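Colleague: just need the structure, nothing else, for what follows:
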Amino acid sequence: MALKGGVPFILSLFMFVSMLSSQCDCHPHSARAVSNHTERKVSDVVAEVAGYADVAKKIIDLAVFGAAQNRSYRRLADFTDTIGNRVSGSHNLELAIKYMYNTITKDGLDVHLEPVKIPHWVRGKESAEMIMPRAKSLAILGLGSSVGTPPEGIEACSVGS
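Modeller: Numbers count the residues shown, from 1 in each chain. This is a model prediction of the structure:
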């Protein structure tokens, strides 16, 4: 599939900008309103967006046809093959953060990390047992960060008991 610039690209970008601007409260008395309380004309926004057409085309050409062609897929494959699953609070999550930080830094981007508190769930002892009409242990698996069973346990009856 070939990506083309020009009017379709500009219209798509304009629609995106319009969608974003419609999400904010632009009432003149709003805290989010422009400080000088003036509204931009649609033609001004279209002209501004059109000014980015050459830059956008360069980025698209680099990603689709240039040195960055398929780089995202290769990086994703390398990342998932190298790091694997990344459960909150896990060693693999720490490895993933370092991996991405190093990769993005090597690309020449300015990156910083921020401390974040992440809950770390530890699997406890899990068991379930059917006691009627006969005793039978049941295989179960607790879900991460789910609410634990109270110490007195849970008792359930079948329908029609």
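Colleague: phi, psi of the residue nearest the centre of the chain?
Modeller: Centroid check for the chain by CA atoms, centre = their mean gives residue 86 as the closest residue, at 13.6 Å. Main-chain dihedrals, residue 86, degrees, to the nearest 10: phi -130, psi 70.
Colleague: how far away is it from residue 153?
Modeller: Using CB to CB, to the nearest Å, residue 86 is found at 34 Å from residue 153. (Each C-beta comes from the backbone N, C-alpha and C, glycine too.)
Colleague: SS state for residue 44?
Modeller: Under DSSP: H, G, I helix; E, B strand; the rest coil, residue 44 falls in the helix class.
Colleague: ok, residue 69 - contacts?
Modeller: residue 63 (CB atoms under 8 Å, 6 or more residues apart in numbering).
Colleague: can you give me the pLDDT of it?
Modeller: Residue 69 carries a pLDDT value of 83.
Colleague: one more: residue 18?
Modeller: Confidence score, pLDDT, at residue 18: 53.
Colleague: do the same with residue 23
Modeller: 43.
Colleague: repeat for residue 8
Modeller: Reported pLDDT for residue 8: 53.
Colleague: over to residue 76?
Modeller: 89.
Colleague: for it, give me its contacts.
Modeller: Residue 76 touches nothing, counting by CB under 8 Å, 6+ apart.
Colleague: can you give me the buried ones in the helix or strand containing it?
Modeller: Using DSSP states H and E, residue 76 sits in helix 71-83. If you call a residue buried by 16 or more other CB atoms under 10 Å, then helix 71-83 has these buried ones: residue 83.
Colleague: also stretch 94-106?
Modeller: 96, 99.
Colleague: rewinding a little: next SSE after the helix holding residue 76?
Modeller: helix 91-106.
Colleague: name the helices or strands packed onto that following helix?
Modeller: Secondary-structure packing of helix 91-106 (3 or more CB pairs under 8 Å, 6 or more residues apart in numbering; DSSP states H and E): helix 71-83.
Colleague: look up how far residue 126 lies from the residue nearest to the centre of the chain.
Modeller: Using CB to CB, we find residue 86 at a distance of 23 Å from residue 126.
Colleague: same question for residue 60.
Modeller: Applying CB to CB to residue 60 and residue 126 gives a distance of 50 Å.
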